[in-house]
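Student: this one's structure only:
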């Protein structure tokens, strides 16, 4: 059975269609990979690319798209509602099938060395972190791009790869190996950003919310709405329906309705198991009841 590794690479460009097209072609021209999803968001000014394949092929795709993105994106001119600090912002590698964590770590570190060789400062996070203070992306990204010139004068922020210097055009990149997460955004029928931020604060674990939930409040200016943007870092222990129920309850308390929601990028089939149990009230549900699971090999 083939080894399958997944990469979910975040580029800080979600508005310039010509640039996005050239960056996309750098990835899709890579042989032997399957591009699962490309999600560009103008409000976030960000594009998220997800692909799978054998580990060496996935690494080749990451190198190809990174070279193009670093050439195209100028972070000194970047504005968007999503937190960011690099042209190629975050690059997690996720073991999917027959890939041990150690093999994924080797891929992540080869990618980090490659990117450092392009003159981009690189930090390793999650399972690849070189120190406890760098395990959490939120901690590494604190202050975002605008804080980098000051951070690069502090020995605590010496990168794991690349120059120990502020590089205005590229910023910095974070890469590593992690559990598959669910990127789940809920859009609210209001343009009051303070409500989104207050709900996000109640949702995220670092401020007393759900254990495996990271959340921020963002403005969706094109839609005249606000968004609670979340990453569920362990969908088995913090299932999607639990998140939805809490956010709906909080929105109700402000007299605000939920407009719709987004799942950004692919998600594991197992993440939907609790949705079926909860929403359909299925008392005894087994993933083997889904026909397609028997075709996956």
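Tutor: Nice, thanks for sending it over. These numbers come from a predicted model, not from an experiment.
Student: where does the stretch 151-297 of the chain dip in pLDDT?
Tutor: Within the stretch 151-297 of the chain, the ranges that satisfy pLDDT under 70 run 296-297.
Student: and the strands in it?
Tutor: Ranges of strands in the stretch 151-297 of the chain, per DSSP state E, counting those that start in this stretch, are 173-177, 182-188, 213-220, 225-232, 258-264.
Student: residue 198 is nearest to which of these?
Tutor: Proximity to residue 198, assessed across the strands of the stretch 151-297 of the chain by C-beta to C-beta, is greatest for strand 213-220 (7.5 Å). Bear in mind the C-beta positions are built from the backbone N, C-alpha and C, glycine included.
Student: for that closest one, packing partners?
Tutor: helix 193-203, strand 225-232 (3 or more C-beta pairs under 8 Å, 6 or more residues apart in numbering; DSSP states H and E).
Student: sheet-wise, list the partners of that strand with their directions.
Tutor: strand 225-232 (antiparallel) (DSSP bridges).
Student: not counting the partner strand itself, show me its contacts.
Tutor: Contacting residues not belonging to strand 225-232 are listed as 82, 181-193, 195-196, 199-200, 203-204, 212-220, 238, 240, 243, 247, 259 [C-beta atoms under 8 Å, 6 or more residues apart in numbering].
Student: please pick the buried ones from those.
Tutor: The neighbour-count test (16 or more other C-beta atoms under 10 Å) applied to the contacts of strand 225-232 identifies 82, 181-188, 190, 193, 195-196, 199-200, 203-204, 212-220, 238, 240, 243, 247 as buried.
Student: how many neighbours does residue 271 have?
Tutor: By other C-beta atoms under 10 Å, the residues close to residue 271 number 19.
Student: residue contacts, it?
Tutor: Counted by C-beta under 8 Å, 6+ apart, residue 271 has contacts 182, 235, 239-240.
Student: so can I have CSV of the strands of the stretch 151-297 of the chain showing distance to residue 73?
Tutor: Below are the strands of the stretch 151-297 of the chain laid out as CSV (distance: least, C-beta to C-beta, whole Å):
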stretch, distance to residue 73
strand 173-177, 11
strand 182-188, 21
strand 213-220, 20
strand 225-232, 21
strand 258-264, 19
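Student: give me the subset of the contacts of residue 271 lying in helices.
Tutor: Counted as lying in helices by DSSP state H, out of these, are residue 240.
Student: which two among the contacts of residue 271 are spaced furthest apart?
Tutor: 182 and 239 (9.3 Å).
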